[in-house]
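In: after the sequence you'll find the predicted model.
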Amino acid sequence: MELPLTEDVATQKTAAETIFDVAIIGGGPAGFTAAIRGAEYGLKVALIEKADKLGGTCLHVGCIPTKALLFNAEIWDHLQHGAEFGIQGIATPTLDWAAVLRRKDAIITKHVKGLEFLMKKHKIAVIAGYGRLTGAAQDGVHTVDVTAGGGETSQVKAKNVILASGSEAKMLPGLTADDRILTNIEILALSAVPKSLIVIGAGAVGMEFASLFRTFGSEVTIVEFLPRVVSVEDEEVSKEITRLFKKRGIDVNTGAKVEKVEKTDTGVRVTYTDANGKAQVKEAEKVLVAVGRAGLTGNVGVEKTKIELERGLVKVDGAQETAEPGVFAIGDIVAGLPQLAHVGSMAGMIAVAKIAGKPYRPIRRDRIPGCTYTEPQIGSAGLTESQAKEQGHEVKVGKFPFAGNAKATILGNHDGFVKIVSDAKYGEILGVHILGPQATELIAEAVAVMELEGTVDELMYTIHAHPTLAESLLDAYGAVNGMAINA
Ligand SMILES: Cc1cc2nc3c(=O)[nH]c(=O)nc-3n(C[C@H](O)[C@H](O)[C@H](O)COP(=O)(O)OP(=O)(O)OC[C@H]3O[C@@H](n4cnc5c(N)ncnc54)[C@H](O)[C@@H]3O)c2cc1C
């Protein structure tokens, strides 16, 4: 990446001579969003990025490439069921995997260029190199040491620093990623669809890759330590998606502890203890290790500050500020928030609002949409039924199956349901859990409703267009009072 000191900064000769209002370490979705919003507030912003391109995990090896491939999978699936829609002659399409990967890469490139344009547009000084905070501010100014790819060092001075260094895939002890033992990075660059794949870990990442490669014909086995898949979701969602994955031929093993991962002549062998305590052995061409992500807080200078860590992640207040005055943390390195791109970018907007002296609202954990782009998709926000009960709510639940929704019939996609968790006394919506077609889009309504503290009675009289998948929400609100129309 060039070192494009923008006009504004260039007039002051070099970044080294500038005192920025904020220096951001890390150009992923958290960091670049903070940079843009900061510039919109009129702050002088430096964005330090060690990779040769902006975008972070999300753009290069996370959200965007996975969703691009999952869309290919959706099309593939539609084509295979062409006859059902009266389209003949395409029942045996062939997959050009290289072209699939090229399309994914083109999408990434387009958005990298978009980010570069936005940095220039907002006169953000993008500084190439590895950033490390040197400690507390001296006379109100922090110093970040920057080491460029070639080893040259420089310093960036700023009144505030935002740490946005992101995360990396956790590995099982003793394993290193390679061409058979994969993390999200290697699996996105496979030269062919594997004949068989074992996925260790059934969080969103593991479930999405399992779904994707199953659609493309891989034999997929899931091995999950916890008693259920997508364990952050409502129990009913976990249960139903397990049933649907099994129906698709995915071998789902929960409560299963991986004991050993070995390479064989042709692939990998995973030994695990199943839920009944019995030893099991599975072999496959590849294994994906998707057991969570570790925040990159180890080498950004945290130890030279008052910053407090909680299991390796940074503790922050409602403005994303750490215990070190003027140092903020956003994105995957933050403790107590889900590691999601939209959470990181909102955290970035909050941090710069605080720095610019503008109003902001702290992130509320129960107002965060969580999306898993499996087939069928999951979209959820707010409390699960059991969380609501644990928090002492008297809970009233409404559930509506997509089987009763006309648009779902039109799409030929009937699996799943919408579940509303509401407070029995006032009818406030506490949680919405959707498993089914376009769940990741539908959940946006639920988050808006919860932000505005909408109630079941209000929503039962909110007109939803017909025929839409969104009508299933209207029916689900009605179902809370035993009054769904279509089921
Ligand atoms: C396979 C997969 C799929 C995902 N899908 C989704 C999804 O669909 N939706 C969703 O919301 N989330 C998804 N996520 C999670 C999402 O990618 C992360 O939450 C998001 O990328 C975190 O943003 P971030 O800016 O905190 O960190 P990152 O995106 O990791 O970016 C951090 C940046 O900082 C740079 N950096 C690190 N240290 C330094 C340093 N010392 N100096 C300079 N630069 C540094 C890195 O090079 C990187 O560019 C997915 C993750 C994976 C792995």
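Out: On my side now, so go ahead.
In: now Asn486. Nearest residue, chain neighbours left out?
Out: Distances taken as CB to CB, 6 or more residues apart in numbering place Gly404 nearest to Asn486, at 3.8 Å, with adjacent residues excluded. From N, CA and C alone the C-beta is placed, and that goes for glycine too.
In: burial measure for the one you found, as a count.
Out: Neighbour count of Gly404, defined by other CB atoms under 10 Å: 18.
In: how about the contacts made by the residue positioned nearest the centre of the chain?
Out: The residue lying closest to the centre of the chain (CA atoms, centre = their mean) is Leu340, at 3.7 Å. Residues in contact with Leu340, defined by CB atoms under 8 Å, 6 or more residues apart in numbering, are 368, 370.
In: that one and the ligand, how far apart?
Out: Using CB to the nearest ligand atom, to the nearest Å, one gets 4 Å for the distance from Leu340 to the ligand.
In: and Cys58, what element?
Out: Assigned by DSSP states H and E, Cys58 belongs to helix 56-61.
In: same question for Ala448.
Out: helix 439-451.
In: do the same with Lys419
Out: strand 417-423.
In: parallel or antiparallel, which strands does the helix or strand just after that strand pair with?
Out: Next helix or strand after strand 417-423 toward the C-terminus (DSSP H and E): strand 429-436. Applying DSSP bridges, strand 429-436 is found paired with strand 377-382 (antiparallel), strand 417-423 (antiparallel).
In: closest one to the ligand among the ones you listed?
Out: Smallest distance to the ligand across the strands paired with strand 429-436 (CB to the nearest ligand atom): 10.7 Å, for strand 377-382.
In: counting by contacts, list what whatever helix or strand comes next after that closest one packs against.
Out: Using DSSP H and E, the helix or strand that follows strand 377-382 towards the C-terminus is helix 385-390. With contacts defined as 3 or more CB pairs under 8 Å, 6 or more residues apart in numbering; DSSP states H and E, helix 385-390 has these neighbours: helix 235-247, strand 395-401, strand 417-423, strand 429-436.
In: just checking the distance from helix 385-390 to the centre of its chain.
Out: Remark: helix 385-390 is offset 24 Å from the chain centroid, using CA atoms, centre = their mean, to the nearest Å.
In: Val395 bridge partners, please.
Out: Residues in beta-bridge contact with Val395 (DSSP bridges): Asp423.
In: actually, Ser154.
Out: Applying DSSP bridges, one finds that Ser154 bridges with Val146.
In: equivalent analysis for the one 4 residues further on, please.
Out: Beta-bridge partners recorded for Ala158 (DSSP bridges): Phe20, His142.
In: so how many other residues sit close to it?
Out: 26.
In: ok, it to the ligand distance?
Out: According to CB to the nearest ligand atom, Ala158 and the ligand sit 14 Å apart.
In: list the contacts for that residue?
Out: Ala158 neighbours (CB under 8 Å, 6+ apart): 19-23, 46, 141-142, 144.
In: please report how far the residue nearest to Glu40 when sequence neighbours are not counted lies from Ala353.
Out: Of all residues not flanking Glu40 in the chain, His122 sits nearest, at 7.0 Å (CB to CB, 6+ apart). Between His122 and Ala353 the distance is 16 Å, computed by CB to CB, to the nearest Å.
In: one more: Phe20?
Out: Counting by CB to CB, the gap from Phe20 to Ala353 is 17 Å.
In: what does Ser386 give?
Out: With CB to CB as the criterion, Ser386 and Ala353 are 34 Å apart.
In: who's more crowded, those two?
Out: The residue with more neighbours, out of Ser386 and Ala353, is Ala353; 19 against 12, by other CB under 10 Å.
In: quick check, that one in contact with Ala347.
Out: No: in this structure, Ala353 is not within contact of Ala347 by CB atoms under 8 Å, at 10.7 Å.
In: give the contact list for the closest residue to Val449 other than its chain neighbours.
Out: Spatially, and ignoring its direct neighbours in sequence, Val449 is nearest to Ile429 (5.5 Å; CB to CB, 6+ apart). Residues in contact with Ile429 (CB under 8 Å, 6+ apart) are 382, 420-422, 446, 449-450, 454-456, 459, 477.
In: most neighbours among the residues you listed, please name it.
Out: Most surrounded of the contacts of Ile429: other CB under 10 Å gives Tyr477, at 30 neighbours.
In: and that residue, which of the three is it?
Out: Three-state assignment for Tyr477 (DSSP: H, G, I helix; E, B strand; the rest coil): helix.
In: tell me the contacts of the spatially closest residue to it that is not a sequence neighbour?
Out: Excluding the flanking residues, the one nearest Tyr477 by CB to CB, 6+ apart is Leu459, at 4.2 Å. Contacts for Leu459 (CB under 8 Å, 6+ apart) come out as 429, 449, 473-474, 477.
In: for those, work out which two are farthest apart.
Out: Maximum pairwise distance among the contacts of Leu459 (CB to CB): 12.8 Å, between Ile429 and Leu474.
In: any idea how far stretch 321-329 is from the chain center?
Out: Its chain's C-alpha centre and that of stretch 321-329 lie 24 Å apart, by CA atoms, centre = their mean.
In: can you give me the end-to-end distance of it?
Out: Terminal residues of stretch 321-329 are spaced 6 Å apart (CA to CA, to the nearest Å).
In: any part of it near the ligand?
Out: No: on the criterion CB under 6 Å from any ligand atom, stretch 321-329 is out of touch with the ligand, staying 9.3 Å away.
In: returning to that earlier point: from the contacts of Leu459, pick the one nearest the ligand.
Out: Of all those, the ligand sits closest to Val449, with 20.2 Å by CB to the nearest ligand atom.
In: let me see the confidence value for that closest one.
Out: pLDDT for Val449: 95.
In: can you pull the contacts of it?
Out: With CB under 8 Å, 6+ apart, Val449 has these contacts: 429, 432, 459.
In: for the chain, what lies in contact range of the ligand?
Out: 25-31, 48-51, 56-58, 62-63, 66-67, 130-131, 164-167, 184, 205, 296, 300, 331-332, 339-342, 344.
In: sitting in helices, which of these do you find?
Out: In this view, those that belong to helices under DSSP state H are 29-31, 56-58, 63, 66-67, 184, 205, 341-342, 344.
In: thinking again about what came up before, redo the strands paired with strand 429-436 as TSV? Include mean pLDDT.
Out: As requested, those are exported to TSV (pLDDT from 0 to 100):
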stretch	mean pLDDT
strand 377-382	98
strand 417-423	98
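In: mind showing which ranges of this structure have poor pLDDT?
Out: 1-14 (pLDDT under 70).
In: identify the residues contacting the longest helix anywhere in it?
Out: Longest helix of the chain, by residue count under DSSP H: helix 97-121. When contacts are defined by CB under 8 Å, 6+ apart, helix 97-121 is touched by residues 1, 4, 6, 27, 32, 35-36, 47, 53-55, 59-60, 64-65, 68-69, 72, 124, 126, 188-189, 191-193.
In: nice, that's everything, thank you.
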